[in-house]
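J.: Using only what follows, build the 3D model:
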Amino acid sequence: MAGPTLPVDQPTREPRIGGLSSVAQYRPNERLGIAGGLRFVSGGCAFPHTEELRCYDDTVADKTYDGIELEDGIGAPMTLFAGSNCTLGPIDDHEARARATVEEGRDRVIEPIIATWAAGGTALTAGATARIALARVDQAIDANYRGRGVILMSRFDAEDAGLKVDGTKLTTKLGTPVVASGMIAPGVVYGLGAIAVEISELNTLRAPHPTTNQDYAIAEQVFAVVVDCSFRVKSAITAP
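T.: This next block holds a predicted model:
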């Protein structure tokens with residue numbers, strides 16, 4: 001005769017390597033839930049201009065100025081939610097389970113949203129391999145974006161791209177941060193400006209059922225994505 005079932009702890013989940021959380025800032029914003037969109041003041045995205053020394057140049061045109069800019073987020077705020085439905089018992093962890101689902105899984109939801117937006121970026125020369133496409137994107141970031149950019153690619157392509165692992169972070173050989181996601185389709189490498197994710201407070205609600213002894217918990221969090229300078233480039237991978 002079989003003995004009783006013994007409850008034990010779940011296996012330890014190791015932190016994910018190369019996810020969005022290793023690259024982007026997650027910034028709490030208590031007013032995000034009432035917003036229809038985002039706008040921020042950029043520090044400017046242009047490089048300095050060159051001009052011959054004025055004291056030696058006979059015909060000097062007016063200087064061109066590039067100041068600060070107002071920029072929008074890449075989409076309207078959206079809500080992430082997750083639920084837990086458990087039988088009421090001695091272990092009261094229903095809200096914690098719902099919260100964990102949001103916190104541990106939100107990168108996977110946001111990454112393909114960013115990739116969809118990045119797909120509208122400037123198309124660079126394709127690369128025969130993931131490594132070459134990655135190099136083209138890294139070159140374009142350094143040539144056109146004033147800060148240190150971010151590379152976004154599929155997990156599949158990342159395996160062939162010659163990346164470095166530093167704890168939970170992935171980078172190129174020269175240190176450009178890389179997001180490698182299983183939620184992104186293989187075949188294209190994307191280059192972006194710095195990424196920030198505005199997030200509301202993570203709220204949870206409980207609703208015990210009076211007759212079925214079931215306890216329902218739900219966790220909700222609003223998020224919106226900001227990409228500096230709206231910078232986006234991409235390079236296709238031609239090899240199968």
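J.: Report the next helix or strand after the strand ranked longest in the chain in sequence order.
T.: Ordering each strand of the chain by length in residues (DSSP state E) puts strand 214-227 first. Going down the chain from strand 214-227, the next helix or strand is strand 232-236, by DSSP states H and E.
J.: if we can go back for a sec, and the longest strand of the chain, what's buried?
T.: 215, 217-227 (16 or more other Cβ atoms under 10 Å). Backbone N, C-alpha and C define where each C-beta goes, glycine included.
J.: who's in contact with the helix or strand of the chain with the lowest mean pLDDT?
T.: The weakest-scoring helix or strand in the chain, judged by mean pLDDT, DSSP states H and E, is strand 69-72 (a mean of 72). The contact list for strand 69-72, computed with Cβ atoms under 8 Å, 6 or more residues apart in numbering, reads 37-42, 44-45, 228-230.
J.: any idea which of these is closest to Val197?
T.: Leu38 (10.7 Å; Cβ to Cβ).
J.: Do I have it right that the closest one meets Glu198?
T.: Yes - using Cβ atoms under 8 Å, Leu38 makes contact with Glu198 at a distance of 6.6 Å.
J.: Quick check: neighbours of the least confident helix or strand of the chain in the sheet, parallel or antiparallel?
T.: strand 39-42 (antiparallel) (DSSP bridges).
J.: per-residue confidence for the closest residue to Pro28 other than its chain neighbours?
T.: In space, and not counting its chain neighbours, Pro28 is closest to Ile199: 5.9 Å by Cβ to Cβ, 6 or more residues apart in numbering. In this model, Ile199 is scored at 94, pLDDT.
J.: what's across from Ile199 in the sheet?
T.: Ile199 forms beta bridges with Pro28, Phe223, as assigned by DSSP bridges.
J.: That one touches Val222, doesn't it?
T.: Yes - Ile199 lies in contact with Val222 (Cβ under 8 Å); the separation is 7.0 Å.
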